[in-house]
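> pasting a predicted model and its sequence here:
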Amino acid sequence: MKHYTRLITLFMMLSVSLFAQKDQTMPSDTTHTGQMVLIHTDFGDMKVLLYDITPQHRDNFVKLVETGFYDSLLFHRVIKNFMIQGGDPVSKTAPPEQPLGMGDVGYTIPAEFVDTLFHRKGALAAARFGENNPLKNSSGCQFYIVHGQVFKPEQLDMMALQQGGKISDMKKEVYSTVGGYPPLDNNYTVFGQVIEGMDVIDKIVNVQTRPGDRPVQDVRMAMKMIKPESDVKEEGTKKRNKK
């Protein structure tokens, strides 16, 4: 039976509290602009920027949001210092004891790895098939948002050594201050970033969970597209100029 990988859990280390401000969560590269999604939960709202430089993931997510696909689905897998995962269509009507994470929409999306997009706290990324997936194609609907933790520079160097690569100074700065989860980089496509409501992630990861990491009390979501603040300001300026 097909099922999505339970997202790598390598390098789970000591818990570190994260308190990131809004300006700390935004990637510094100004080319990372795109459409905006509001994710509503009982714990509050998250505003998520979708990146234009991952167009296939962006367009697919927008399509699903606009058709109401995600409304009433669950964050069905929650792990503190790691991530919150949702988007399984089966979760909409699943009874409390039902295992989740195997639902899909019948298609995958080609990986869109971009070096400047990585698993910092608040990153929106696509879940994927773990087996028989050498190209690392993404799920057509399941996603996760990184909670992560702060890592010491020496821990990051050790990870890079074990993976046979190198973590850039820019990533090292973010992972050692804002936090995130570097072992997922270049394995899962990052296509968005929480820019408001980071505290909502902190609240969700602290809920009580069952074996299998499903919250005891369902954490449901609803989504809608919203206009970026820059577009709202531009519209306001145009209206004032017309007077």
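Now that the structure is in, tell me what you want to look at.
> make it CA atoms for all contacts and neighbour counts henceforth
Fine.
> residues in contact with the closest residue to residue 51 other than its chain neighbours?
Nearest residue to residue 51 in three dimensions, chain neighbours excluded: residue 34, at 4.9 Å (C-alpha to C-alpha, 6 or more residues apart in numbering). The neighbours of residue 34, taking C-alpha atoms under 8 Å, 6 or more residues apart in numbering as the test, are 49, 50, 51, 52.
> touching, residue 177 and residue 149? I think so.
No - taking contacts as C-alpha atoms under 8 Å, residue 177 lies outside contact range of residue 149: 9.1 Å.
> now stretch 93-108: buried residues?
If you call a residue buried by 16 or more other C-alpha atoms under 10 Å, then stretch 93-108 has these buried ones: 99, 100, 101, 102, 103, 104, 108.
> which outside residues touch it?
2-4, 76-77, 88-91, 137-142, 212, 214, 216.
> just the buried subset of those residues, please.
When the contacts of stretch 93-108 are checked for burial by 16+ other C-alpha under 10 Å, the buried set is 4, 76-77, 88-91, 137-142, 214.
> drop anything exposed from the contacts of residue 34.
By 16+ other C-alpha under 10 Å, the contacts of residue 34 give 49, 50, 51, 52 as buried.
> name the element the first one belongs to?
With elements delineated by DSSP states H and E, residue 49 resides in strand 44-50, which encompasses its position.
> who's in contact with that strand?
So strand 44-50 is contacted by 33-40, 58, 124, 191-198, 200 (C-alpha under 8 Å, 6+ apart).
> can you tell me the strand partners of that strand and which way each runs?
Sheet pairing of strand 44-50 (DSSP bridges) gives strand 36-41 (antiparallel), strand 190-196 (antiparallel).
> any idea which of those gets closest to residue 160?
strand 190-196 (19.0 Å; C-alpha to C-alpha).
> give the next helix or strand downstream of the closest one.
Following strand 190-196 in sequence, per DSSP H and E, is helix 198-204.
> which strands or helices does that following helix pack on?
strand 44-50 (3 or more C-alpha pairs under 8 Å, 6 or more residues apart in numbering; DSSP states H and E).
> give the rounded mean pLDDT of the strand it packs on.
The average pLDDT for strand 44-50 rounds to 98.
> which parts of the next helix or strand after that strand are buried?
Reading on from strand 44-50 to the C-terminus, the next helix or strand found by DSSP H and E is helix 55-66. Within helix 55-66, the residues scored as buried using 16+ other C-alpha under 10 Å are 57, 58, 61, 62, 64, 65.
> adjacent strands (with direction) for the helix or strand following helix 55-66?
As assigned by DSSP H and E, the chain's next helix or strand after helix 55-66 is strand 75-79. Each strand that pairs with strand 75-79, with its direction, by DSSP bridges: strand 83-86 (antiparallel).
> next structured bit after the partner strand?
Strand 83-86 is succeeded, C-terminally, by strand 108-109 (DSSP H and E).
> after that following strand, next one along is what?
strand 123-128.
> quick one: strands adjacent to the next helix or strand after that following strand?
Downstream of strand 123-128, the next assigned helix or strand under DSSP H and E is strand 138-146. The pairing partners recorded for strand 138-146 under DSSP bridges are strand 83-86 (antiparallel), strand 108-109 (antiparallel), strand 123-128 (antiparallel).
> what average pLDDT does the last one get?
When you say that, I think you mean strand 123-128. Rounded mean pLDDT across strand 123-128 is 98.
> thanks again, I'm all set now.
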